[in-house]
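Novice: give me a model of this one.
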Amino acid sequence: MKLLHAVPRGVTRPLSFLALLAWIVTMGLVLTRAYVQARSMNLATDLARYGTAAEWRGVYYRGEKVGFTVSQTTPTADGFQVQEDARLQMSLLGATSAAAIRTTAQLDHAFGVRSFEFSLDPGTGPVQVNGLVTGRHVSVTLKTASGTQQIERDLEDVPVLSVNLPRMLASRGFKPGTQEQFLVFDPATLRSERVTLDIGRREMVGVNSPVPTRVGSRDFYRPLNQSIPAFRVDLAIAGLKTSSWVTDTGEVVREESQMGLMSVRESPDVARRMSISRGVTGDLLEASAVVPRNSTKQRIDDGRDVRRLALRIEGLDLHNPDLEGVGQTLDKDVLEIRDARSLRAATNPTDLALYVQPEPLIESDDPAIRREAEAAVLGVKDPRTIAERLTRRVNAMLEKKPTVSLPSAREVLRTKIGDCNEHTALYVAMARSLGLPARIAVGLVYVRGAFFYHAWPEVYVEEGHGSGLWLPVDPTLNQFPADATHLRLARGGLDKQAVILPLIGKIKITIADVELAPNSSPVLIGRGSTPSAPFMSPVPVRAGLTCWSSPSSFR
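Specialist: Next up, the predicted model:
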């Protein structure tokens, strides 16, 4: 899925690293294609709007350079304009993937947001989000190559954007030992979230890179390992923590996240000497894998052989209601997953109508999506058979590649490329277009010795007489139904998937018990269920998350 995911909240700002991830899980922000080559001719044009006062930063993941950002704040007649561009390139299973992110915001004199333009381009064309803010109301226009959507949102408070948080703090004056709270609106997910900022003392911060200095009409650069005085600002949002060092004038000198991502101020030349380095070896997906302890002697060679899986989980809020239901039950700290083929029908729930409606990025009312769905199930009336036909159709349609994108179902149908996020978004939209209730599940799936972040649909299958059941399916892995190694952590679109990001690196899993099918055969030759790098298709680090799948699944 697009375990990124996590995504863009202004990559150089305190929330920026969600943009890099919303899809490591999630969530996700995972990247792909020979995009850098395709965009290199436009790079100079894209960055020409930045003057000598622009702030440049290199972006690093676990010490490896993965991109750069550039931003500037310009006074206007009625306030300020903030502009920011980012180029990101990361290693995923040894392959290089890239994306471009752009944000422009119009601010008032108090640095409050009035309007914004945001775009994310994974190489197949940008998804653009334009917004107009009036008090607590946000009017959003979502544009893709496939069409335009208009979305209206009323928020609980007047929102800000992450790109203008540092300037807003500086305009108020830094007071060490104090705490600030804001409602931040994320254009990538159309979601608002409370953030808490703890203002620390002023520190001398090393930038470890040449720093531009304007003297008269010429630019000079300070030597390496210079220090700049800046206030430490610790930000917490949805369980994620980021530390930033911000100058009195609101310039971000350095940022560090708990996930190993860092941005640091650099000269323009050094910053752009970046992401197209053969030395980029850090792999986001491998780093986010959860290798379980196994307290049983039973090993899992094929998830489709698992009839029951009991997992002891640490580092997870077990009060989350999404952990229960559709084959999952929780007893204290042990979560049990049962093979979906053993699920039985019950009385139809009362909220099914919610899951046949179109949503932002799930454009089930689009005529092209409806036509594709009807073609896939031509002549079929039985709901279960329809659900399976859609699973096979989506799996066969899409070229499986990791993608940094906002997974719009309409765009997926156009490009026919994507990871688990794209497979899931298209499946849910096609099912809903036929009146079949469907929703998005995100979590972990077991592949060759480890759990990897993943997304898959749940579809409601009516069986007559007012009864039916929710059934997990996996078009990415071509499984109907999905096997019992799918551990669901949350349900919903990008606005819900952010709950997974804080779990990366924290979840610990012990396999407490495994029940296999009576006729299952162990792998007697080779490494069996020991870890090996599976093909990634995805959580987060989406604008979503990122996901993995086994190479054998696509043969």
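Novice: where along the stretch 201-350 of the chain do the helices fall?
Specialist: Here the stretch 201-350 of the chain has its helices, by DSSP state H, counting those that start in this stretch, at 268-272, 284-287.
Novice: compare the mean pLDDT across these and name the weakest.
Specialist: Ranked by mean pLDDT, the helices of the stretch 201-350 of the chain end with helix 284-287 at the bottom, a mean of 60.
Novice: what helix or strand does the residue nearest to residue 306 when sequence neighbours are not counted sit in?
Specialist: Spatial nearest neighbour of residue 306, excluding adjacent residues (C-beta to C-beta, 6 or more residues apart in numbering): residue 484 at 4.3 Å. Quick note: C-beta positions are derived from backbone N, CA and C, even for glycine. Taking DSSP states H and E as the definition, one finds residue 484 inside no helix or strand.
Novice: would you list the phi and psi of residue 484?
Specialist: phi -80, psi 10 (degrees, to the nearest 10).
Novice: I'd assumed residue 326 was in contact with it.
Specialist: No - in this structure, residue 484 is not within contact of residue 326 by C-beta atoms under 8 Å, at 11.3 Å.
Novice: neighbour count winner among the two?
Specialist: residue 484 (28 against 21; other C-beta atoms under 10 Å).
Novice: contact partners for the more buried one?
Specialist: 303, 306, 307, 308, 309, 327, 337, 338, 339, 340 (C-beta atoms under 8 Å, 6 or more residues apart in numbering).
Novice: among those, which are located in strands?
Specialist: Per DSSP state E, strands hold the following members of those: 306, 307, 308, 309, 337, 338.
Novice: doesn't residue 326 make contact with the last one?
Specialist: Meaning residue 338. No - here residue 338 does not reach residue 326: they are 9.6 Å apart, not a contact under C-beta under 8 Å.
Novice: overlap in contacts of these two?
Specialist: Counting by C-beta under 8 Å, 6+ apart, nothing touches both residue 338 and residue 326.
Novice: returning to what we had before: can you put the contacts of residue 484 in JSON lines and add distance to residue 491 and pLDDT?
Specialist: Formatted as JSON lines, the contacts of residue 484 follow (distance: C-beta to C-beta, whole Å; pLDDT from 0 to 100):
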{"residue": "303", "distance to residue 491": "21", "pLDDT": "90"}
{"residue": "306", "distance to residue 491": "22", "pLDDT": "94"}
{"residue": "307", "distance to residue 491": "24", "pLDDT": "95"}
{"residue": "308", "distance to residue 491": "22", "pLDDT": "96"}
{"residue": "309", "distance to residue 491": "20", "pLDDT": "96"}
{"residue": "327", "distance to residue 491": "13", "pLDDT": "95"}
{"residue": "337", "distance to residue 491": "15", "pLDDT": "97"}
{"residue": "338", "distance to residue 491": "18", "pLDDT": "97"}
{"residue": "339", "distance to residue 491": "20", "pLDDT": "96"}
{"residue": "340", "distance to residue 491": "16", "pLDDT": "95"}
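Novice: now which of the residues you listed would you call buried?
Specialist: 303, 306, 307, 309, 327, 337, 338, 339, 340 (16 or more other C-beta atoms under 10 Å).
Novice: what strand or helix carries residue 427?
Specialist: Going by DSSP H and E, residue 427 is part of helix 420-433.
Novice: now that helix, how far from the chain's geometric center?
Specialist: How far helix 420-433 lies from its chain's middle: 16 Å, per C-alpha atoms, centre = their mean, to the nearest Å.
Novice: check which helices and strands the following helix or strand past it sits against.
Specialist: Scanning forward in sequence from helix 420-433 by DSSP H and E, the next helix or strand is strand 438-447. Counting contacts by 3 or more C-beta pairs under 8 Å, 6 or more residues apart in numbering; DSSP states H and E, strand 438-447 packs against helix 420-433, strand 450-464, strand 486-491, helix 494-497, strand 548-549.
Novice: closest to residue 383 out of these?
Specialist: Nearest to residue 383 among those is strand 450-464; the distance by C-beta to C-beta comes to 4.8 Å.
Novice: partner strands of the helix or strand following the closest one, with direction?
Specialist: Following strand 450-464 in sequence order, the next helix or strand is strand 467-472 (DSSP H and E). Take DSSP bridges as the rule and strand 467-472 pairs in its sheet with strand 346-347 (antiparallel), strand 450-464 (antiparallel).
Novice: quick one, what contacts the closest residue to residue 268 other than its chain neighbours?
Specialist: Distances taken as C-beta to C-beta, 6+ apart put residue 56 closest to residue 268, at 4.9 Å, once the chain neighbours are dropped. Shown in contact with residue 56 (C-beta under 8 Å, 6+ apart): 68, 69, 70, 212, 265, 266, 267, 268, 270, 271, 272.
Novice: could you redo the last one with a cut-off of 7 Å?
Specialist: Contact partners of residue 56, counting by C-beta atoms under 7 Å, 6 or more residues apart in numbering, are 68, 70, 266, 267, 268, 271.
Novice: from those residues, which single one is nearest residue 135?
Specialist: When the contacts of residue 56 are compared against residue 135 (criterion: C-beta to C-beta), the nearest one is residue 70, at 31.4 Å.
Novice: based on its surroundings, how many neighbours for that closest one?
Specialist: The number of residues packed near residue 70 is 21, by other C-beta under 10 Å.
Novice: before we move on, what about residue 258?
Specialist: The number of residues packed near residue 258 is 16, by other C-beta under 10 Å.
Novice: surely it touches residue 241?
Specialist: Yes - counting by C-beta atoms under 7 Å, residue 241 is a contact partner of residue 258 at 5.3 Å.
Novice: which residue, other than its chain neighbours, is closest to residue 53?
Specialist: Distances taken as C-beta to C-beta, 6+ apart place residue 72 nearest to residue 53, at 6.0 Å, with adjacent residues excluded.
Novice: hang on, that neighbour is in a strand, isn't it?
Specialist: Yes - assessed by DSSP: H, G, I helix; E, B strand; the rest coil, residue 72 belongs to a strand.
Novice: and it, how close does it get to residue 290?
Specialist: Residue 72 sits 40 Å away from residue 290, going by C-beta to C-beta, to the nearest Å.
Novice: neighbour-wise, which of those two wins?
Specialist: The residue with more neighbours, out of residue 72 and residue 290, is residue 290; 20 against 17, by other C-beta under 10 Å.
Novice: and the more buried one, bridged to which residues?
Specialist: Here residue 290, judged by DSSP bridges, has bridge partners residue 451.
Novice: hmm, it is touching residue 451, no?
Specialist: Yes - look at residue 290 against residue 451 with C-beta under 7 Å: they come within range, at 4.2 Å.
Novice: what's the overlap in contacts for these two?
Specialist: Counting by C-beta under 7 Å, 6+ apart, the residues touching both residue 290 and residue 451 are 444, 509.
Novice: ramachandran angles for residue 165?
Specialist: phi -60, psi -50.
Novice: burial of the residue lying closest to residue 127 once chain neighbours are set aside, as a residue count?
Specialist: Spatial nearest neighbour of residue 127, excluding adjacent residues (C-beta to C-beta, 6+ apart): residue 406 at 4.5 Å. Applying other C-beta under 10 Å, we find 35 residues neighbouring residue 406.
Novice: let me know the secondary structure of residue 406.
Specialist: Going by three-state DSSP, the secondary structure assigned to residue 406 is coil.
Novice: wait, it sits on residue 118?
Specialist: No - counting by C-beta under 7 Å, residue 406 does not reach residue 118; the two are 9.7 Å apart.
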